[in-house]
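Chemist: Coordinates for the following, if possible.
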Amino acid sequence: MAPRLLVLRALGLGDLLTAVPALHALRRAFPDHRLVLAAPGALSDVVAAVGAVDALLPASAPGRAVPERLAWRGPPPEVAVDLHGRDTHSLRPLLALRPGRVIGYARPPAPAWREREHERARWCRLLRAHGVPADPARVGVAPPAVPSPAPGAVVVHPGADAGARRWPAERFATVARTLAGDHRVVVTAGPGEERLGRRVAALAGLPRAAVLTGLPLAALSALVADARAVLVGDTGVAHLATAHGTPSVVLFGPVAPELWGPPPSFRHRALWHPGPDDGPRPGDPHLAAPDARLLRITVPEVLAAFDRVTAGAAPGDGGQPT
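Modeler: Alright, predicted model coming up:
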């Protein structure tokens, strides 16, 4: 049996995609190991597209909590890597398996945790401290095997887990209505966001068929991969655009793009308007009301950013970052 390497990242879609560079680094550093990722089973399609993971071990907990235990079978893993958290709490389910080697921020020789650090860079720096070369710029995932439900469309995704990260529906609608004069525009809505998606489409004068709800993750990934551009808040869909190299305009409010935004590239534009004394986490991302910094972003800004990221790019010409 091949030696096994277990990685814990039992979080959401965006969290998985920001860990892609670290997963690629582990794959290169341990080529003979069977790399097992403990993550939510719903992410299986995207996990497969990463190309670095041999098996998915379904694992999750409410919110951003750490799973109490992992359904691991067989002998202890030779290597266990904590990409979930910063303290001993996230190490517990891994240590319970008695791995031969442990990598994590709560395990020497870990570097110091930095509050002002992008998620991609954070986990790569941890691996480098343990002798594993890691490049945070390696963000790409393979395109889905399924076809896009709307090839070449502009994707408008107005939803987010909390109101603090939701730009007003009326502004999304104004942007969608303006772009619909020259482009096919679709509005995507995740679970619980159907009403919001229909409202944005109605205000924009789009047909009901332009609202795409209930898409399986593989179909959503295909939609983003083959899109003209994506207009979105700070959500997992934004990270899909990064992973597929699709032009994106991402709107930030309570948390700075330096922590969760797209990488520097002409294909991506992160919009954020902090106050003069704001740090990287000036607001509460879980509040119901839109964050003040998010509300400072204007419709003309978003339209100008769309023109900038799509200049010279053909629909579906996202390319694959390496």
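
Chemist: which SS state does the most centrally placed residue in the chain fall under?
Modeler: Centroid-nearest residue in the chain: Gly14, 2.2 Å away (criterion: Cα atoms, centre = their mean). For Gly14, the assignment made with DSSP: H, G, I helix; E, B strand; the rest coil gives helix.

Chemist: Adjust the sequence numbering to begin at 874 for everything that follows.
Modeler: With the count now opening at 874, the last piece we talked about shows up as Gly887.

Chemist: For it, give its distance to Ala953.
Modeler: For Gly887, the distance to Ala953 (Cβ to Cβ, to the nearest Å) stands at 23 Å. To be clear about C-beta, it is placed using only N, CA and C from the backbone, and glycine gets the same treatment.

Chemist: All the strands of the stretch 924-1073 of the chain, residue numbers only.
Modeler: 928-931, 952-955, 974-976, 1027-1030, 1058-1062 (DSSP state E, counting those that start in this stretch).

Chemist: can you list the ones you listed in TSV and add mean neighbour count and mean pLDDT?
Modeler: Listed next are those as TSV, based on neighbours: other Cβ atoms under 10 Å; pLDDT from 0 to 100:
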stretch	mean neighbour count	mean pLDDT
strand 928-931	15	98
strand 952-955	28	98
strand 974-976	19	97
strand 1027-1030	26	98
strand 1058-1062	25	98
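
Chemist: looking at those strands, which is closest to Arg877?
Modeler: Closest to Arg877 of the strands of the stretch 924-1073 of the chain, according to Cβ to Cβ: strand 952-955, at 7.8 Å.

Chemist: Give me the sheet partners of the closest one and which way each runs.
Modeler: If you go by DSSP bridges, strand 952-955 pairs up with strand 877-881 (parallel), strand 974-976 (parallel).

Chemist: so how many other residues sit close to Leu1118?
Modeler: That one is not Leu; residue 1118 is Gly. A count of nearby residues for Gly1118, using other Cβ atoms under 10 Å, gives 22.

Chemist: Ser1138 now?
Modeler: 15.

Chemist: ok, now Asp918?
Modeler: Asp918: 17 neighbours (other Cβ under 10 Å).

Chemist: Repeat that for Gly1126.
Modeler: Applying other Cβ under 10 Å, we find 30 residues neighbouring Gly1126.

Chemist: That one and Arg1166 touch, don't they?
Modeler: Yes: in this structure, Gly1126 is within contact of Arg1166 by Cβ atoms under 8 Å, at 4.7 Å.

Chemist: and for these two, which residues touch both?
Modeler: 1145, 1156 (Cβ atoms under 8 Å, 6 or more residues apart in numbering).

Chemist: that older thread, tell me which of the strands paired with strand 952-955 sits nearest to Gly1134.
Modeler: Between the strands paired with strand 952-955, strand 877-881 lies closest to Gly1134; by Cβ to Cβ that is 23.6 Å.

Chemist: State the mean pLDDT of that closest one.
Modeler: Across strand 877-881, pLDDT averages out at 98.

Chemist: do the same with stretch 903-921
Modeler: On average, the pLDDT along stretch 903-921 is 97.

Chemist: and that stretch, how far apart are its ends?
Modeler: Terminal residues of stretch 903-921 lie 18 Å apart, using Cα to Cα, to the nearest Å.

Chemist: Then stretch 962-977?
Modeler: Using Cα to Cα, the two ends of stretch 962-977 sit 11 Å apart.

Chemist: again with stretch 934-950
Modeler: This stretch, stretch 934-950, spans 22 Å end to end (Cα to Cα).

Chemist: buried stuff in it?
Modeler: Going by neighbour count (16 or more other Cβ atoms under 10 Å), the buried part of stretch 934-950 is 939-940, 943, 945, 950.

Chemist: want to throw those into CSV with distance to Gly1065?
Modeler: Output for the buried residues of stretch 934-950, formatted as CSV (distance: Cβ to Cβ, whole Å):
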residue, distance to Gly1065
Val939, 24
Pro940, 23
Leu943, 28
Trp945, 32
Pro950, 36
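
Chemist: between the residues you listed, which is nearest Pro1009?
Modeler: Using Cβ to Cβ, those come closest to Pro1009 at Val939, 23.7 Å.

Chemist: From Leu956, how far out is Leu884?
Modeler: In terms of Cβ to Cβ, Leu884 sits 9 Å off from Leu956.

Chemist: And those two? Which one has more around it.
Modeler: Applying other Cβ under 10 Å to Leu884 and Leu956 shows that Leu956 carries more neighbours, namely 28 against 23.
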